[in-house]
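**Q** have a look at this prediction, sequence included:
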Amino acid sequence: MAVHNAEEVDVVVIGMGPGGEDAAGRLAEAGLSVVGVEARLVGGECPYYGCVPTKMMIRGANLLAEGRRIPGLAGDATVTADWTQVAKRIREEATDSWDDRVAAERFTGRGGRLVRGYGRITAPGEVTVGDQVFRPRRGIVLNPGTEPVVPPIDGLAGTPFWTNREAVRAEAAPGSLVVLGGGAIGTEMAQAFSRFGTRVTVVESRDRLLAVEEPEACDLLREVFEREGITVRTGARATAVRHADGAFTVDLGGETVRGEALLVSTGRRTRLRELGVGAIGLDADARTIETDEWMRAAEGVWAIGDVTGKGAFTHMSMYQADIVVRDILGQGGPPADYRAVPRVTFTDPEVGAVGLTEAQARERGINVRTGLTRIPESSRGWIHKAGNDGFIKLVQDADRGVLVGATSAGPAGGEVLSALAVAVHGEVPVERLRHMIYAYPTFHRAIETAVKDLEV
Ligand SMILES: Cc1cc2nc3c(=O)[nH]c(=O)nc-3n(C[C@H](O)[C@H](O)[C@H](O)COP(=O)(O)OP(=O)(O)OC[C@H]3O[C@@H](n4cnc5c(N)ncnc54)[C@H](O)[C@@H]3O)c2cc1C
Ligand SMILES: NC(=O)c1ccc[n+]([C@@H]2O[C@H](COP(=O)([O-])OP(=O)(O)OC[C@H]3O[C@@H](n4cnc5c(N)ncnc54)[C@H](O)[C@@H]3O)[C@@H](O)[C@H]2O)c1
């Protein structure tokens, strides 16, 4: 039935995650009438529950670890961990106590109109938020993001378990913590809490931590975690959870692990049915929204961010937002290209990776050649000593003579990754990488050794 009180605007952005906020702001600055719809906090998961607060935890945790490395290198030190300082920074500096007024005003200051509430597509070209109905002339941009998956484990529902959203609000580091899921969130938080004195057990159902990355990275992380006193259980499935007397007991079928707190970090989910994508002919039961290379999901509808399934990263959301803005404004430029997607897990050592892993390259039938070097064997790694764990691994397409993937694990592994990201993105011939100059004694100079290793 046609809605007569619908309001005409140029663009409606549903979900103001990092990409949605950026796209909405830029389109408004370009003179379009833009409505940004947000059900929770403008800016999305990253600033309030994701990247920013967790990297504040990690900054604190890594300072403690460095302090503990002083003996034998620079004197003596006694470090005393105090989580309340992390909690205070997260509350006051990162999130304004989970208040998005600054972000909301930043958006309206760019000329956008913020509508608070849950947006749904109710017909082609129609978005409903509560009792407000909008008819965007130019299009709808979907940036709904993801939320934590809570697996259907017997006894889990109804217990006071944490997801990332409760963990970043922790006012104290618990005495002990069970982390369910050893992916990006699980590994980052496990190490951060452990360094603040929490006894941590990580339970991962696959046979490796960070299983999507190179096996060398997974093995390295496990070795470092165990050395630091973190208990790792891989290939382990939780069959039941109980919470009594302030403690969780997690049954792994044959073994039980306990913790004062339980973090569920077993992946993310989308809610496409509630978003109303069925009204524009998309599969409401799908996990992701398929788009073309211009992020178009249907006539007059674009999708960006985690929901596209191309990598749940803030930089992906922002990258895709830029493509949508250029498409809507008719500015041209290149469409989406996912050959060189960089990602960094901010454990210590940081695990940075770009493009394909060796296994992915082989699955694609690429004639693969790999090169690997260990950071402790490099000049800088040897000098660095304590905390020098890491490696650089290169994945070469031997037929084309270019890198199709690389992993850089180590101190500043995410920063070293930048050179490798340029090499993969720019398809720089390996022959050129072999004959360039790498500054001595940097961590990135190990790239030269890894390139040489490609020859053998
Ligand atoms: C603990 C943690 C750590 C992370 N660390 C990093 C990191 O270090 N680096 C990195 O690159 N990425 C990191 N990520 C991932 C990163 O947070 C996300 O990829 C990023 O937020 C981009 O997500 P998005 O653009 O899809 O939307 P989101 O940030 O998920 O935001 C979507 C917004 O849409 C709103 N919304 C959803 N549906 C509707 C609707 N129907 N109507 C109105 N509003 C709606 C939601 O309330 C939300 O605010 C981390 C994630 C987590 C959980
Ligand atoms: N530094 C970063 O860029 C960063 C940091 C954190 C999160 N993120 C993003 O957020 C996304 C979500 O993070 P995440 O860690 O929740 O998901 P994830 O997919 O990275 O890891 C989830 C892990 O949980 C395991 N698992 C699933 N069910 C399980 C069960 N019942 N018991 C035990 N293990 C189980 C999976 O095998 C997987 O290893 C990531 O994919 C990443 O893109 C990025």
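**A** Nice, thanks for sending it over. Ligands and ions are numbered 1, 2, ... in the order given.
**Q** which residues of the stretch 351-456 of the chain fall in helices?
**A** 358-363, 379-384, 413-425, 430-434, 446-453 (DSSP state H, counting those that start in this stretch).
**Q** and ligand 2, which of the ones you listed is closest to it?
**A** helix 413-425 (8.5 Å; CB to the nearest ligand atom). For glycine as for every other residue, the C-beta is placed from the backbone atoms N, C-alpha and C.
**Q** just want the angle from the closest one to helix 446-453.
**A** With axes from the mean of the first three to the mean of the last three CA atoms, to 10 degrees applied, the angle from helix 413-425 to helix 446-453 works out at 50 degrees.
**Q** out of the helices of the stretch 351-456 of the chain, which comes closest to ligand 1?
**A** The nearest among the helices of the stretch 351-456 of the chain, by CB to the nearest ligand atom, is helix 413-425 at 9.3 Å.
**Q** chain center to that closest one: distance?
**A** 17 Å (CA atoms, centre = their mean, to the nearest Å).
**Q** what does stretch 382-396 give?
**A** Using CA atoms, centre = their mean, the offset of stretch 382-396 from its chain centre is 23 Å.
**Q** how long is that stretch end to end?
**A** Start to finish, the residues bounding stretch 382-396 are 27 Å apart (CA to CA, to the nearest Å).
**Q** which positions within that stretch qualify as buried?
**A** H384, G387, N388, D389, G390, F391, I392, K393, L394, V395, Q396 (16 or more other CB atoms under 10 Å).
**Q** determine which two of those residues are furthest apart.
**A** Pairwise distances among the buried residues of stretch 382-396 were taken by CB to CB; the largest, 29.3 Å, belongs to G387 and Q396.
**Q** residues touching the lengthiest strand in the chain, excluding its own?
**A** Across the chain, the strand with the greatest residue count (assigned by DSSP state E) is strand 132-142. Strand 132-142 is contacted from outside by 3, 5-15, 20, 23-24, 32, 35, 115, 117, 121-122, 125-128, 275, 277, 289, 297, 300-304, 307, 324, 328, using CB atoms under 8 Å, 6 or more residues apart in numbering.
**Q** mind redoing it with 7 Å?
**A** 3, 5-15, 20, 23, 32, 35, 115, 121, 125-127, 275, 289, 297, 300-304, 307, 324, 328 (CB atoms under 7 Å, 6 or more residues apart in numbering).
**Q** that strand: partners in the sheet, and parallel or antiparallel?
**A** Partners of strand 132-142 in the sheet, by DSSP bridges, are strand 7-14 (parallel), strand 126-129 (antiparallel), strand 301-303 (parallel).
**Q** report whether that strand contacts ligand 1.
**A** No. Judged by CB under 6 Å from any ligand atom, strand 132-142 makes no contact with ligand 1; its nearest approach is 8.3 Å.
**Q** if you look at the next helix or strand after that strand, does any of it touch ligand 2?
**A** The helix or strand immediately downstream of strand 132-142 is strand 147-148, counting by DSSP states H and E. No. Shown here: strand 147-148 not in contact with ligand 2 (CB under 6 Å from any ligand atom), separated by at least 6.6 Å.
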